[in-house]
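# I would like to see how this sequence folds:
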Amino acid sequence: MSLKSNKDKGTGLSFWKYALGATVLIVLVLLVIPAGSIPSWVKSGFEIRSQERQMESCREEIDALTSRIRDLSSNKDSLEKFAREQFGFTLPGEDVYKEE
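As a prediction, this is how the structure comes out:
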């Protein structure tokens with residue numbers, strides 16, 4: 001019976017060692033890292049990802065506009081069509097009819 005009780009004490013003692021070690025570790029982490037920093041890191045990570053997606057969208061739009069500028073600069077007919085459609089430009093003596 002004394003062997004069995006020593007075995008039970010050893011098991012209980014090892015549990016308390018792990019519990020004490022975990023508690024000390026958690027307390028050290030809480031002392032080193034300020035309480036608000038982990039949520040702010042997570043929030044900042046989400047914000048960074050959102051801004052990166054927005055930047056990629058803006059880059060794509062810039063590329064499309066740059067291509068459009070290149071096309072309008074190199075082709076007089078496309079420039080004339082663009083001016084007529086977007087701004088209602090006409091040549092002298094032309095009549096313009098708008099459809100609504």
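
# as a whole number, average confidence for the helix ranked longest in the chain?
If you go by DSSP state H, the chain has its longest helix at helix 37-74. Mean pLDDT, computed over helix 37-74, is 93.

# Who are the packing partners of it?
helix 76-87 (3 or more CB pairs under 8 Å, 6 or more residues apart in numbering; DSSP states H and E). Using the backbone N, CA and C atoms, a C-beta is placed for each residue, glycine as well.

# one step back: list the buried residues for the longest helix of the chain?
Residues of helix 37-74 include none that count as buried (16 or more other CB atoms under 10 Å).

# now it: how far from the chain's centre is it?
Centroid displacement of helix 37-74 relative to its chain, using CA atoms, centre = their mean, to the nearest Å, is 10 Å.

# any idea of the angle that helix forms with helix 76-87?
Helix 37-74 runs at 120 degrees relative to helix 76-87, counting by axes from the mean of the first three to the mean of the last three CA atoms, to 10 degrees.

# Go ahead and flag the most central residue of this structure.
With distances taken as CA atoms, centre = their mean, the residue of the chain nearest its centroid is Arg49 (1.1 Å).

# Could you measure from that one over to Lys43?
To Lys43, Arg49 is 11 Å away according to CB to CB, to the nearest Å.

# now do Ile62
From Ile62 to Lys43 the distance is 28 Å (CB to CB).

# With Leu91 instead?
58 Å.

# next one: Arg70
Arg70 is 41 Å from Lys43, by CB to CB.

# do Leu72 as well
43 Å.

# before we move on, what about Glu80?
Counting by CB to CB - Glu80 and Lys43 are separated by 51 Å.

# Same question for Tyr18.
For Tyr18 relative to Lys43 (CB to CB), the value is 33 Å.

# What of Val29?
Counting by CB to CB, the gap from Val29 to Lys43 is 20 Å.

# Also Trp16?
38 Å.

# go on, Glu60?
27 Å.

# repeat for Phe89
With distances taken as CB to CB, Phe89 is found 50 Å from Lys43.

# now do Ile69
39 Å.

# likewise Thr23?
In terms of CB to CB, Thr23 sits 28 Å off from Lys43.

# just Gln54 next, same as before
Gln54 is 16 Å from Lys43, by CB to CB.
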